[in-house]
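A.B. asks: Sharing a model prediction with you, sequence too.
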Amino acid sequence: MAAILEVTGLHKHFGGIHVTQDVNFSMEEGEQSAIIGPNGAGKSTFMNLLTGYYRCDAGKVVFEGQDITNRPPHWVARRGISRAFQISSIFSKMTVAENVRSAVHAQMRHSFSIFGVASRIGVEETGRVLSLCGLEGKRDLVAGELAQGDKKRLELAIALAGKPRLLFLDEPTAGMSIEEARSTMELVDRLNRELQLTVLFTEHDMGIVFNHARKLTLMHRGEIVVQGTPEEVRANEIAQKVYLGEHHP
Amino acid sequence: MDIAPYALQLFSGLSRAMVLFLLSAGLSLIFGVMNILNFAHATLWLVSGYVTYSMFTFLSQQFGASPWMLLPSIVGAVALMSLLGFALERFLIRHTYARELPEQLLLTFALVLILGDAIKLIWGVENRRINLGVKPIEMMDTLVNPYQFVIIGAGVAVAVGLWYFLHRTRFGKIVRAAVFSRSMVSALGIPIPLIYSGVFALGVGLAAFAGGVFLPLLPMSLGVDHDIIVQCFAVVVIGGFGSMLGTFVASIIVGVVYSFSILFWPDGALAMIFLILIVVLIWRPWGLFGTELRY
Amino acid sequence: MKSAAPQRAANAPGRRFAVVLLALFLLVPLLPGEFWTVVGTEILILGLLAMSFNLLYGYMGQISFGHAAFFGLGAYATAMLFTALKSPDGSIGVPEFLLSLLVGPPVAAVGALIVGFFCVRLTGIYFAMLSLAFGELLFYIVFSWYSFTKGDDGIQGLLPPHYFQDPGNYYYLTLAIVVVALLVMWRITESPFGYIMRTLRDNQRRAAFLGINVRLHMLANFVIAGAFAGLAGALWGPFSRSVSPGLLGWQESGIAVFMTLIGGAGVFIGPIVGSVIYTMLQAVVKMYTVYWPLTIGTIILLIVLFVPGGVLGLVEKQIKARQGRLSDGGGARAGSDEE
């Protein structure tokens, strides 16, 4: 399989602190993998660099053969990279359906259509995404008033509405109940399996990581410490020292 | 080259800068701590000018006219206005902390209208000023009102005092901490509401001081507050929200540029200030001395 | 489930209210005397200005303190063309008059394009300050460029064609133009673009990660809002027979802000309802007292403290509460309990 994402020699520093150091990373199409690491390891920074939210100081990011280094977020998003945030980042005064519908419109390049009727465009796709994420029953609720777990699901729905080919999920199950977390991760698995969606997620819960990622990358102080299958990472000595030790004392 | 007119403009520019600084320092503190942009700040300054005027007139009638009567008048006005500021925060402003920016602006703007008319009701529509009877002195081939040096001196003294207060006293340090992080201050177990009222009262007190001190130089008249407040906004933005040093430097820039522009483009002196404001906002939205993080 | 039905139900009272409002507006010139007709014209023109302001505030989430600059630009553009086209005896033909009205919006739009180019780089308080600074700069340019704008004197003698000198006729012309403008605005706010604006209001960063070029979309909306403000300005000159620099100033922008917040920024016709309340109140209060600022200041104070969301926001809340009681449930809490 071909590499969908190819990152080489990525560097980023804020002031004197190196938050990302010489990161080389790649993903194959259809892969589902996770980045793990202690708080402040540089996981979120890494995602922000890949999606153009931060500028890289050095290095190169190639997506589907196209150089996307330091392109603005909206440009990167249009190439087919979507992301969901750790702290749910939704349109809180709009209804659930409107949230997803506008994301669909953006994907359909309808964002500049000023005389079309919003409620009649992209209806099917909106409904599909809502039912995929189990939100049809809540479509007319105001997003900001949803329960925490529902907000996270809406967050995922918005990310999916962009019909991405590569999806970044930053702690997709944070703040969810065990039951909600399980069904969310099952959905992610299904998307990966059925739609060949390439998924990269960060997660603190090691149970979820080992059950749902086929490849792991451990970051520590902005550097990649070890990469490999869950078994390889689990067996790695440095990994146990810097991170896994915290969780399995 | 004849430098006389320039020297004159420089001194009037610097004294203007001091007034702008006294107002903007309070504005900036209040914004820094409570995130409230107080539209009524210059109106409170104007009210204080009228209050000082009334006190001065009263004292002069009671104890005989003397320029020194200005001192107790200013002290009285500052005390009174600080109390008013304290009360305003406690009974009105406080209810808008959880609201959105425009609603907060609207509330303080309502105060502009109400206080403006209150002045009209109490003092009428005539301008008020105090004549201290100070003789102009000759300097650099021109006559300068020596009172301008009093204002410049007072402004610098307050700036130093404010710096000392913010960096060397306990309450001042708490205020600075509150600008930086509100949760940290509440974690210290200090009652936030008291800090808020205190900072608001302090800000209004500084404005009141400026109003009193400036009275012998510039007559108080209805509507000047509208002009002054937008200039103060310009100062605060140019200097950078929350930075006292920035506010001081920006006050001098705005005050001096204004006075020199009057020489070349009398109608457009304020336009020059807005031009500077535009350039700063485009080039460094967080201001000359602000930190980018806050933006 | 009950897919789009509740939304349609929520829209129905709004639509009914708009129809009633239009009917009332149509009847205004039938009142005895010209007073209310003149006030009505002012309500419509300033209402249109406030509506255009709300495209930025209510839909895009940015507050502009310089919005009246585009109102003033439109007014001056119309006034200048008007003056150039009118015959030496001061009269102007209907086609020339209408042509001079038409020039307001594009000129304002060009102004908005230039100002907006810089403003959309900022948000929140910085957006407000930059728009204020640009508005004031334009004010001083108009104020001091005497040879071109007649400075403080303003441009006088904008007497519309004979037929439109009748306040009733000018009123109906204004009403027709404003209604068409509002219908166009309604389409825009209900379009995909309109909803993209709401996403920018709620969460710009998120919108960017959906592929939205945030600045470009904000700029487009800024220009649209500027054009509608320019249309309102175009109508103003012939209505008041003159234009002056004050039309561009921040106090004028403030009026648009007041109206919007009084009426309710969250409801489409909120600003125009705000204009009805503000302008009528002003007309009445000024008959009895010179203390209009005190009156409106107190009203604004009370609205901010006790009626956040404006008058229509309050009405909408009441309607929703009643619907909620009728359909029993559908609230966020009831929804999450199902899980």
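C.D. replies: Sure, I can see it. This structure is a prediction, so every number in the text was calculated from the model and none was measured. Numbering: from 1, shown residues only, chains lettered A, B, ... in the order given.

A.B. asks: which non-adjacent residue is nearest the residue of the stretch 151-300 of chain C found nearest chain B?
C.D. replies: Going by CB to the nearest CB, chain B is nearest to C:G297 of the stretch 151-300 of chain C, at 3.2 Å. For the C-beta atoms, the positions are set from N, CA and C on the backbone; glycine is no exception. Nearest residue to C:G297, sequence neighbours excluded (CB to CB, 6 or more residues apart in numbering or on different chains): B:L113, at 3.2 Å.

A.B. asks: beta partners of A:H220?
C.D. replies: A:E223 (DSSP bridges).

A.B. asks: residues in contact with the closest residue to C:T289 other than its chain neighbours?
C.D. replies: Spatial nearest neighbour of C:T289, chain neighbours left out: C:T295 (7.2 Å); criterion: CB to CB, 6+ apart. For C:T295, the contacting residues are C:L281, C:V285, C:T289, by CB atoms under 8 Å, 6 or more residues apart in numbering or on different chains.

A.B. asks: moving C-terminal of the strand or helix carrying C:V19, what's the next helix or strand?
C.D. replies: C:V19 is part of helix C:5-27 when elements are defined by DSSP states H and E. Tracing the chain past helix C:5-27, the next element assigned as helix or strand by DSSP H and E is helix C:35-57.

A.B. asks: Contacts (any at all) between chain A and that following helix?
C.D. replies: No - shown here: helix C:35-57 not in contact with chain A (CB under 8 Å from any CB of the partner chain), separated by at least 11.2 Å.

A.B. asks: And the residue of chain A found nearest chain B, how far from A:G42?
C.D. replies: Closest to chain B within chain A is A:F14: 10.6 Å, counting by CB to the nearest CB. From A:F14 across to A:G42, the span is 11 Å (CB to CB, to the nearest Å).

A.B. asks: same question, B:V237
C.D. replies: 35 Å.

A.B. asks: the more surrounded of those two?
C.D. replies: Neighbours per residue (other CB atoms under 10 Å in any protein chain shown) separate B:V237 from A:G42, with B:V237 holding more: 28 against 24.

A.B. asks: what about the more buried one, helix or strand, and which?
C.D. replies: B:V237 belongs to helix B:224-239, assigned by DSSP H and E.

A.B. asks: buried ones in the following helix or strand past that helix?
C.D. replies: Note on helix B:224-239: by DSSP H and E, the next helix or strand toward the C-terminus is helix B:244-264. Under the neighbour-count criterion of 16 or more other CB atoms under 10 Å in any protein chain shown, helix B:244-264 has B:244, B:246-262 buried.

A.B. asks: Secondary structure element for whatever residue of the stretch 51-200 of chain B ends up closest to chain C, which one?
C.D. replies: Proximity of the stretch 51-200 of chain B to chain C (CB to the nearest CB) peaks at B:L113, 3.2 Å away. Assessed by DSSP H and E, B:L113 sits inside helix B:101-123.

A.B. asks: Specify the angle between that helix and helix B:224-239 in degrees.
C.D. replies: Helix B:101-123 and helix B:224-239 meet at an angle of 140 degrees, taking axes from the mean of the first three to the mean of the last three CA atoms, to 10 degrees as the criterion.

A.B. asks: dump the residue contacts of A:I158.
C.D. replies: A:A84, A:I90, A:N99, A:V100, A:A103, C:R206, C:L210.

A.B. asks: Model confidence score at it, please.
C.D. replies: pLDDT, A:I158: 94.

A.B. asks: Please report how far it lies from C:A321.
C.D. replies: Separation of A:I158 from C:A321 (CB to CB): 29 Å.

A.B. asks: and if you look at A:V242?
C.D. replies: From A:V242 to C:A321 the distance is 55 Å (CB to CB).

A.B. asks: what domains does the record give for chain A?
C.D. replies: Using automatic domain parsing, the domain parsing of chain A gives A:3-80+A:164-247, A:93-155.

A.B. asks: right, I mislabeled it, should have said chain B
C.D. replies: Taken from automatic domain parsing, chain B resolves into B:29-126+B:184-219, B:223-295.

A.B. asks: any idea which of the ones you listed scores lowest on pLDDT?
C.D. replies: Lowest mean pLDDT of the domains of chain B: domain B:223-295, a mean of 85.

A.B. asks: Is any residue of that domain near chain A?
C.D. replies: No - using CB under 8 Å from any CB, domain B:223-295 never reaches chain A; the gap is at least 10.6 Å.

A.B. asks: hang on, the earlier thing: drop anything exposed from the contacts of C:T295.
C.D. replies: By neighbour count, with 16+ other CB under 10 Å, the contacts of C:T295 hold C:V285 as buried.

A.B. asks: Which of the contacts of C:T295 fall in helices?
C.D. replies: Those of the contacts of C:T295 mapping onto helices are C:L281, C:V285, per DSSP state H.

A.B. asks: Need the contacts of C:T295 in CSV (columns: pLDDT).
C.D. replies: Shown next, in CSV, are the contacts of C:T295 (pLDDT from 0 to 100):
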residue, pLDDT
C:L281, 92
C:V285, 92
C:T289, 88
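
A.B. asks: show me what contacts the residue of the stretch 151-300 of chain C closest to chain B?
C.D. replies: B:F109, B:A110, B:L111, B:V112, B:L113, B:I114, B:D117.

A.B. asks: Next secondary structure after the strand or helix carrying it?
C.D. replies: C:G297 is part of helix C:292-306, with elements assigned from DSSP H and E. Later in the chain than helix C:292-306, the nearest helix or strand by DSSP H and E is helix C:310-327.

A.B. asks: same for that next one, what does it pack against?
C.D. replies: If contacts are counted by 3 or more CB pairs under 8 Å, 6 or more residues apart in numbering or on different chains; DSSP states H and E, helix C:310-327 sits against helix C:5-27, helix C:250-263, helix C:270-288.
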